[in-house]
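S.K.: for reference, the sequence and a predicted model appear below.
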Amino acid sequence: MARPIACRIACVIGCVAATTAAALDYRSLTEAAVMYDAPSAKARPLFAIARGTPVEVVVAIEGWVKVRDAKGGLAWVEKRLVSDKRNVIVRADRAQVRSEAEEKAPLVFEAEKDVLLELLEPAPAGWAKVKHRDGQQGFVKLSQVWGL
């Protein structure tokens, strides 16, 4: 009898782990958008969010996506406004963007909290290659940004 219970517990844990892994689907908004408390334009508007803002997709249904923002807030947005393009947002007071994915590499620029950076590609061991809207590129530590 203990074996079936152990199998059920393992199955539940596996399902939770799979759900958690699937939830890490980051996207960005194609334009400024109104965020709603339910999946309908007739729902209560909660706040507006800027073009390019990264969001984590939690649930997608016909024409609507429930997303989480960098502050942990949940809201609904029209699916047509969510892009596969990836941006990250600086969550540290000042993120250091370096010429290489190394702590001692020369500093290219610093970005202040809430600055959007375009994700160019994931980089090795805790880094990401990013681009500022003015064209500067470099590597930032993942711990300094949100959206990956």
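M.R.: Yes, it's here.

S.K.: any idea how far Q144 is from W127?
M.R.: Between W127 and Q144 the distance is 10 Å, computed by C-beta to C-beta, to the nearest Å. The C-beta positions use only the backbone N, C-alpha and C, and glycine is treated the same way.

S.K.: and G52, by the same measure?
M.R.: In this structure, G52 and Q144 are 18 Å apart, going by C-beta to C-beta.

S.K.: next one: P124
M.R.: Per C-beta to C-beta, P124 is found 16 Å from Q144.

S.K.: do V115 as well
M.R.: From V115 over to Q144 the distance is 11 Å, taken as C-beta to C-beta.

S.K.: what's the overlap in contacts for these two?
M.R.: Taking C-beta atoms under 8 Å, 6 or more residues apart in numbering as the criterion, V115 and Q144 both touch 90, 95.

S.K.: surely S143 meets A92?
M.R.: Yes. S143 is in contact with A92 according to C-beta atoms under 8 Å; the separation is 7.5 Å.

S.K.: who has more neighbours out of these two?
M.R.: Neighbours were counted for S143 and for A92 using other C-beta atoms under 10 Å; A92 has more, 16 against 11.

S.K.: which residues does V59 contact?
M.R.: 65-66.

S.K.: 6 Å instead, please
M.R.: Contacts of V59 were listed using C-beta atoms under 6 Å, 6 or more residues apart in numbering, and they are K66.

S.K.: output the helix or strand it falls within as CSV, restricted to C-alpha atoms.
M.R.: Taking DSSP states H and E as the criterion, V59 maps to strand 54-61. Listed in CSV are the C-alpha atoms of strand 54-61, where the atom choice follows Å, rounded to 0.1, in the frame of the first residue of the first chain:
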residue,chain,number,x,y,z
PRO,A,54,9.5,42.4,-20.1
VAL,A,55,6.8,40.2,-18.7
GLU,A,56,6.6,36.5,-17.6
VAL,A,57,3.7,34.7,-19.3
VAL,A,58,1.7,32.7,-16.7
VAL,A,59,-1.4,31.7,-18.7
ALA,A,60,-2.6,32.2,-22.2
ILE,A,61,-6.2,31.9,-23.4
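
S.K.: name the next helix or strand following that strand along the chain.
M.R.: Going down the chain from strand 54-61, the next helix or strand is strand 64-68, by DSSP H and E.
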